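# sequence plus the predicted model coming up.
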Amino acid sequence: MDQASTKKPSAVLSPQRPLTVEKARAGERIAASRHSTQLVYSYVAFSAFWLVVGTLAGQYLGLKFVWPEIDSLSWLSFGRLRPVHTNVVFWGFASLGMIALALYVVPRTSRRELYSYKLGWVSLWLMNGSVVLGTLLLMAGINNGGQEYREFIWPAMGLFALGLMVSAYNLYKTIARRDVREIYISNWYILAAFLWTIVLAAIAYLPGYQDDGISQTVVQGYYMHQGVGMWFTPMVLGLTYYFLPKLLNKPIYSYSLGVLAFWTQMLFYTMIGAHHFVFSPIPWWLQTVAIVFSVGMLVPVTAGTGNFLLTMRGSWGTIARSYSLPFILTGVIFYALVSYQGTLEAFRSLNKIWHFTNFTVAHSHLSMYGFVSFLIWGGVYGLIPRLTGKEPPQFSVGVHFWLALVGLLLYGVALMIGGTMQGLSWIAGEAFIESVNLMIPYWVWRAIGGTMMFMSHLIFAYNVWKMRPDRLKETEAYNI
Amino acid sequence: MKLDFHQNHKLLYGTIFTGFVILSLIIAVFPAMWVQERNEPLPDSRALTELEQKGLNVYVSEGCMYCHTQQVRPIDMDAVWGRPSAPGDYARIGRQDVWRQTPAVLGSARTGPDLSNVGNRQPSEVWHYMHLFNPRSVVGESVMPSYPWLFEVKDDAGPDDTVITIPGDYAPKQGTVVATEKAEALVAYLLSLKQVKLESGETADAR
Ligand code: HEM
Ligand code: HEM
């Protein structure tokens, strides 16, 4: 490896190392202030930490399906650990990772320093505090009524919401004082995601209109969907509108397509929450509206993906030579695939087969992992080496990529097939336990895929460590 | 003032914020208020007893709803679980306390069977205790977790204790298995899950 780094980058296999293709180095280092580097890197480091913790829990949960007696400790039981998995990867890993990148992208595209580094740190500690507190409470059996993704009781989620507000203010101030006339499209998506999620958290937790079992279900559908649709999706899309053109060194294919996708995203995505409760006793018209707008989602999804792919057209060589762009390409492809998959899941005819089955779990991971996580990793590998001047070993980035991708495909394909068989078994009227028995091999495949994914996260953490900034002295030499 | 989203940040983010608030009110908050106001408990239903309510709290705390639904859909394949669920079935559920919201009993995955009507389908207390202590003691192929912390193993049980007889392989090496109050509450709750008659004509339109 060391020897390789002195040679010129090349996309062809070198005879000495037939296993890997040599990737281009990160390129010149960006002049960024020490404050910025430290803050961004700390978010990334915590994000990697929570990824390992959260998916250790996920992998353990996956094992419990094939080995239910693996332990019998209340704190580790399935029903308590499952929300630990989802909340830690949502609020710890994915959220901190996205905010790390946003704390760089927003000032950069506004040609300004971040408004306040101090507020950046405050937000980081609030969010970390929220995840620690929330997780301990969940393991102790204290949750918010088992409402998916709002399982943290309000004092814990309140810390997270406070962190969001602090960051939103910080970024808003940065944009307001920008040194360019136009607000770059990334900043539309990024700050919008913050504003939407603050509203969302408020609506999810305020009392008064969601006190019986049905009204809370209406709000839950809305919340569950906006969590993924108005926080993770617009954040990573906004980041990609920066990183993709930057790393390819060419402008985005169509700016106005990005704007169209933005407004349709806001209008359509907000309306489709009830598709999580098709055939449930919530109002039928609400379900129908959700299904119709789920079809409408084809517009922003196609516009967004098309825009990214057309930007990439003609640059496939650059992508193959880069170690960050393959993550971004993968993320973009998954964005389209899972969204089309989601539209299908919303139709009553197909929902009947797939709802309540493991097919939904496949969809959750193909989306949150294949789409959101891959775009975060692409951004991290695209940015951090340029900030700190330290590159991760290319080989281990490659191993991260392939383990994560192959692991996810095993996980996703196994559960899509298994989930479909579950649904068909129920429709055929077989005894319920049949649908458990038939899942065993698929759950084994999920455990195998999950192991590969988890190993890739350990490697990611190692790579993050390798990219750590040197002690102050050396970094300062690059200050502007 | 020129309407330029690209250059006017107040306008851009103001629109984004208020637009989303309005859409959210239309699609979530108002519908939720509307159904909540109209929802009535079914005439044949009764409120949970204190013990059953405690059992629901255990159900929530242990996260049973991650694998079990309480939601029968109005389609043929769900007929095995009972009659289609109606809003009234959930009218009596409320917040547990100021810290916790109304529980999500409807669920979103059927890794285990639906429980809307389990009190009628499986009315035996003993079965439920054995099943909670170790599901495989009654359903060999089950993948449900055991809940031993809802039980105590005592050397000699007192007269007030609910003693559970567990078949050989699954029983502790020595001592007898006794249900804690949590287990008693949970079983009482499960047995209370019995679908009651819908008012005439309510079956389909209630949705
Ligand atoms: C090593 C990698 C991972 C493994 C083995 C894993 C495993 C699992 C398991 C076993 C469940 C419970 C499924 C069930 O209840 O039937 C689950 C749920 C979930 N996980 Fe993961 N997970 C992993 C990574 C992730 C990541 C990185 C994310 C998000 C960024 C994620 C998001 C979710 C979500 C959203 C659910 C809820 C699914 C639903 O309700 O449909 N997982 N995961
Ligand atoms: C147009 C795009 C999409 C549509 C129409 C869509 C549709 C759906 C539908 C209908 C379900 C419910 C399935 C069921 O319970 O039977 C679902 C579940 C889910 N979707 Fe999507 N989806 C889309 C995109 C996404 C994206 C981009 C993400 C992640 C960023 C995502 C994450 C999830 C998750 C986590 C769940 C599981 C929720 C749960 O039950 O815990 N979806 N989606």
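It's in. Ligands and ions are numbered 1, 2, ... in the order given.
# how far does stretch B:161-179 stretch from one end to the other?
One end of stretch B:161-179 sits 7 Å from the other (C-alpha to C-alpha, to the nearest Å).
# next, the buried residues of it.
For stretch B:161-179, the buried set under the neighbour-count rule, 16 or more other C-beta atoms under 10 Å in any protein chain shown, comprises B:162, B:164, B:166, B:171, B:176-179. In short, each C-beta sits where N, CA and C put it, glycine included.
# low-confidence ranges, the stretch 1-150 of chain A, go.
For the stretch 1-150 of chain A, applying pLDDT under 70 flags the ranges A:1-22, A:26-28.
# what number of residues lie near the residue of it found nearest ligand 1?
When distances are taken as C-beta to the nearest ligand atom, the stretch 1-150 of chain A reaches nearest to ligand 1 at A:Gly58, 2.9 Å away. A:Gly58: 23 surrounding residues under other C-beta atoms under 10 Å in any protein chain shown.
# next one: it from chain B, what distance?
Between A:Gly58 and chain B the computed distance is 13 Å (C-beta to the nearest C-beta, to the nearest Å).
# again, but for A:Gly449
As it turns out, when the distance is counted by C-beta to the nearest C-beta, A:Gly449 lies 18 Å from chain B.
# which non-adjacent residue is nearest that residue?
In space, A:Gly449 comes closest to A:Leu410 once its chain neighbours are excluded; the distance is 3.2 Å by C-beta to C-beta, 6 or more residues apart in numbering or on different chains.
# so that neighbour makes contact with A:Trp445?
Yes - taking C-beta atoms under 8 Å as the definition, A:Leu410 is a contact partner of A:Trp445 at 5.6 Å.
# so which of the two has more stuff around it?
A:Leu410 (19 against 16).
# in stretch A:431-440, what counts as buried?
Under the neighbour-count criterion of 16+ other C-beta under 10 Å, stretch A:431-440 has A:435-436, A:439 buried.
# the bottom helix or strand of chain B by mean pLDDT?
Among the secondary structure pieces of chain B, namely its helices and strands, helix B:202-205 has the lowest mean (mean pLDDT, DSSP states H and E), a mean of 42.
# residue boundaries of the helices in chain B?
With helices called from DSSP state H, chain B shows them at B:9-24, B:30-38, B:50-61, B:118-121, B:125-133, B:181-192, B:202-205.
# make JSON lines out of the ones you listed and add distance to A:Pro392 and mean neighbour count.
As requested, the helices of chain B are exported to JSON lines (distance: least, C-beta to C-beta, whole Å; neighbours: other C-beta atoms under 10 Å in any protein chain shown):
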{"stretch": "helix B:9-24", "distance to A:Pro392": "36", "mean neighbour count": "17"}
{"stretch": "helix B:30-38", "distance to A:Pro392": "47", "mean neighbour count": "18"}
{"stretch": "helix B:50-61", "distance to A:Pro392": "42", "mean neighbour count": "20"}
{"stretch": "helix B:118-121", "distance to A:Pro392": "52", "mean neighbour count": "16"}
{"stretch": "helix B:125-133", "distance to A:Pro392": "48", "mean neighbour count": "20"}
{"stretch": "helix B:181-192", "distance to A:Pro392": "49", "mean neighbour count": "21"}
{"stretch": "helix B:202-205", "distance to A:Pro392": "60", "mean neighbour count": "12"}
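# need the ones you listed in JSON lines (columns: distance to chain A).
Formatted as JSON lines, the entries for these read as follows, by distance: least, C-beta to the nearest C-beta, whole Å:
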{"stretch": "helix B:9-24", "distance to chain A": "4"}
{"stretch": "helix B:30-38", "distance to chain A": "4"}
{"stretch": "helix B:50-61", "distance to chain A": "4"}
{"stretch": "helix B:118-121", "distance to chain A": "11"}
{"stretch": "helix B:125-133", "distance to chain A": "10"}
{"stretch": "helix B:181-192", "distance to chain A": "10"}
{"stretch": "helix B:202-205", "distance to chain A": "9"}
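# now the weakest link among those helices, please, by mean pLDDT.
Out of the helices of chain B, helix B:202-205 stands lowest, with a mean of 42 (criterion: mean pLDDT).
# contacting residues for the nearest residue to B:Ala171 once chain neighbours are set aside?
Of all residues beyond its chain neighbours, the one nearest B:Ala171 is B:Val177 (7.0 Å), with distances taken as C-beta to C-beta, 6+ apart. With contact set as C-beta atoms under 8 Å, 6 or more residues apart in numbering or on different chains, B:Val177 has these partners: B:133, B:151-153, B:163-166, B:171.
# how close does B:Val177 sit to ligand 1?
Taking C-beta to the nearest ligand atom, to the nearest Å as the measure, B:Val177 falls 28 Å from ligand 1.
# can you pull the buried residues of stretch A:98-118?
For stretch A:98-118, the buried set under the neighbour-count rule, 16+ other C-beta under 10 Å, comprises A:98-110, A:112, A:114-115, A:117.
# and for stretch A:188-200?
Along stretch A:188-200, these residues count as buried under the neighbour rule (16+ other C-beta under 10 Å): A:188-200.
# kindly report the same for stretch A:176-184.
Neighbour-count burial for stretch A:176-184, with 16+ other C-beta under 10 Å as criterion, is recorded at A:178, A:183-184.
# what is the nearest of the residues you listed to A:Trp75?
A:Tyr184 (46.0 Å; C-beta to C-beta).
# the residue nearest to the closest one when sequence neighbours are not counted: what's it in contact with?
Residue nearest to A:Tyr184 in three dimensions, not counting chain neighbours: A:Thr109, with 4.1 Å by C-beta to C-beta, 6+ apart. The neighbourhood of A:Thr109, defined by C-beta under 8 Å, 6+ apart, consists of A:180, A:184, A:186-187, A:242.
# ok, now B:Gln195?
Taking C-beta under 8 Å, 6+ apart as the definition of contact, the neighbours of B:Gln195 are B:72, B:82-83, B:89, B:116-117, B:120.
# of all pairs in the residues you listed, which one is the farthest apart?
B:Asp89 and B:Asn120 (13.8 Å).
# domain parsing for chain B?
In the assignment given by automatic domain parsing, the structural domains of chain B cover B:1-38, B:50-192.
# now do the same contact list for the spatially closest residue to A:Thr330 that is not a sequence neighbour.
Excluding the flanking residues, the one nearest A:Thr330 by C-beta to C-beta, 6+ apart is A:Phe374, at 4.7 Å. By C-beta under 8 Å, 6+ apart, the contact list for A:Phe374 reads A:327-328, A:330-331, A:334, A:404.
# related to what we said a few turns ago, do you know which of the helices of chain B lies nearest A:Met230?
The nearest among the helices of chain B, by C-beta to C-beta, is helix B:9-24 at 7.4 Å.
# model confidence for the residue most central in space within chain B, exactly?
Geometric centre of chain B, nearest residue: B:Val105, 3.1 Å, by C-alpha atoms, centre = their mean. B:Val105 is assigned a predicted lDDT (pLDDT) of 96.
# pretty sure it contacts A:Gly213?
Yes - applying C-beta under 8 Å as the test, B:Val105 and A:Gly213 come out as touching, 6.3 Å apart.
# anything in contact with each of the two?
B:90, B:93.
# burial of residue 44, as a residue count?
Assuming you mean chain A. 24.
# think we crossed wires, I meant chain B
Residues contacting B:Asp44 under the criterion other C-beta under 10 Å number 12.
# residue contacts, it?
Contact analysis of B:Asp44 by C-beta under 8 Å, 6+ apart lists B:196-197.
# returning to what we had before: keep only the buried residues of stretch A:188-200 that also lie close to chain B.
A:188, A:191-192, A:195-196, A:199-200 (C-beta under 8 Å from any C-beta of the partner chain).
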